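Engineer: structure for this input, please:
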Amino acid sequence: MSKARFVQIESKNAILELLQEGRDFDKLYIASNAFKDEKTKEIVKIAGQKKIPILKVSRKIITRRLRSSNCESIIGYMYSENNWDLEELLDKLSQEGKQPFFVILDNLKYRQNIAAIMRSAFGAGVNGIIVNPQEKNIVTNETIRISMGAAERIPLVEMNLFNAVKILKKNDIKVCAVHMEGIPFYESNLKGPVALVLGAEDEGVSSGILERVDSKISIPMREGIGSLNVSATGAIVIYEKLRQEVS
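Structural biologist: Alright, predicted model coming up:
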């Protein structure tokens, strides 16, 4: 895993989920008038048990530190180490006896879509998100907040997607792209180790990746509608994979 990155988290729900999972924080800032609601009490309880420093400050100080909201009463600071090597992650999954299930994001542009997909993926048991190397960090307050903490909890791999597809296929993992010319998703075979490719919001899956995948699947649409939002598409195909595994 790569060098740790310091992240400011401004979501009470995300902070609580991460604490409940056992993650450590460097420190927490809590507004002095925010100790009455149940979530805050639970955060304070868990943080106290883990000996995480809690700084009780004025609402004015909290507001001055907030970057994306002006209504949060808690700010958490932690080191994110969520950047995996794909082969190391595959080795880890093998050691744990887990079936590989990946989602590949082919140059998605909007962080809110990436975060929503991370939340759906984490909920369905996806064990890795693969993206091209990023100029800016994907794991940020925004993606952590929108994904309710999943952006920090689901393994993230940043690497050349052509190389990633090559490694996945070498390890007998099917690579399936969501594309309008594919077969309907409910007629596809998504059982077993698989990686689902979701394309950019405006262009879809790139031609270079389409040439390298094992199959293409689609979501049938009524006439006059080209496609769904990529985060909705992701949720549908991710949970179709889950449905097929249990049916």
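
Engineer: just say helix, strand or coil for the residue lying closest to S188 once chain neighbours are set aside.
Structural biologist: Spatial nearest neighbour of S188, chain neighbours left out: I217 (4.5 Å); criterion: CB to CB, 6 or more residues apart in numbering. Using the backbone N, CA and C atoms, a C-beta is placed for each residue, glycine as well. What DSSP: H, G, I helix; E, B strand; the rest coil gives for I217 is strand.

Engineer: mind listing what I217 touches?
Structural biologist: 176-179, 182-185, 188, 190, 237 (CB atoms under 8 Å, 6 or more residues apart in numbering).

Engineer: out of these, list just those in helices.
Structural biologist: With DSSP state H as the criterion, helices contain V237 from among the contacts of I217.

Engineer: which of the contacts of I217 fall in strands?
Structural biologist: 176-179, 182-184 (DSSP state E).

Engineer: between those residues, which sits nearest N107?
Structural biologist: Nearest to N107 among these is A177, at 13.0 Å by CB to CB.

Engineer: for the closest one, give its distance to V237.
Structural biologist: As defined by CB to CB, to the nearest Å, A177 lies at a distance of 10 Å from V237.

Engineer: and the residue nearest to S188, how far from H179?
Structural biologist: For I217 relative to H179 (CB to CB), the value is 7 Å.

Engineer: can you get me a residue count around K50?
Structural biologist: 12 (other CB atoms under 10 Å).

Engineer: swap that for K216, sorry
Structural biologist: By other CB under 10 Å, 17 other residues sit near K216.

Engineer: again, but for E240
Structural biologist: Burial of E240 is recorded as 18 neighbouring residues (other CB under 10 Å).

Engineer: what about the strands in this structure?
Structural biologist: 5-9, 27-31, 54-57, 74-80, 101-106, 129-131, 156-158, 174-184, 194-199, 215-218.

Engineer: where among those strands is average confidence lowest?
Structural biologist: Per-stretch mean pLDDT for the strands of the chain is lowest at strand 5-9 (a mean of 86).

Engineer: ok, H179 to G125 distance?
Structural biologist: Relative to G125, and taking CB to CB, H179 is found at 24 Å.

Engineer: the two - which one has more neighbours?
Structural biologist: Neighbour tally, H179 and G125, criterion other CB under 10 Å: the higher count belongs to H179, 20 against 14.

Engineer: right, and the more buried one touches G204 too?
Structural biologist: Yes. Assessed by CB atoms under 8 Å, H179 is found in contact with G204 at 6.4 Å.

Engineer: list the contacts for the most centrally placed residue in the chain?
Structural biologist: When CA atoms, centre = their mean is applied to the chain, the residue found nearest the centroid is M118 (2.6 Å). M118 sits next to 129, 143, 147, 150-151, 154 when contact means CB under 8 Å, 6+ apart.

Engineer: top of those residues by number of neighbours, please.
Structural biologist: Of all the contacts of M118, the most densely surrounded is A151 (31 neighbours; neighbours counted as other CB under 10 Å).

Engineer: per-residue pLDDT of that one, please?
Structural biologist: Value listed for A151 in the pLDDT field: 91.

Engineer: OK, contacts around the residue nearest to it when sequence neighbours are not counted?
Structural biologist: By the measure of CB to CB, 6+ apart, the closest residue to A151 outside its immediate chain neighbours is T143, 4.0 Å from it. Shown in contact with T143 (CB under 8 Å, 6+ apart): 111, 114-115, 118, 151.

Engineer: one more pass at 6 Å, please.
Structural biologist: Counting by CB atoms under 6 Å, 6 or more residues apart in numbering, T143 makes contact with 111, 115, 151.
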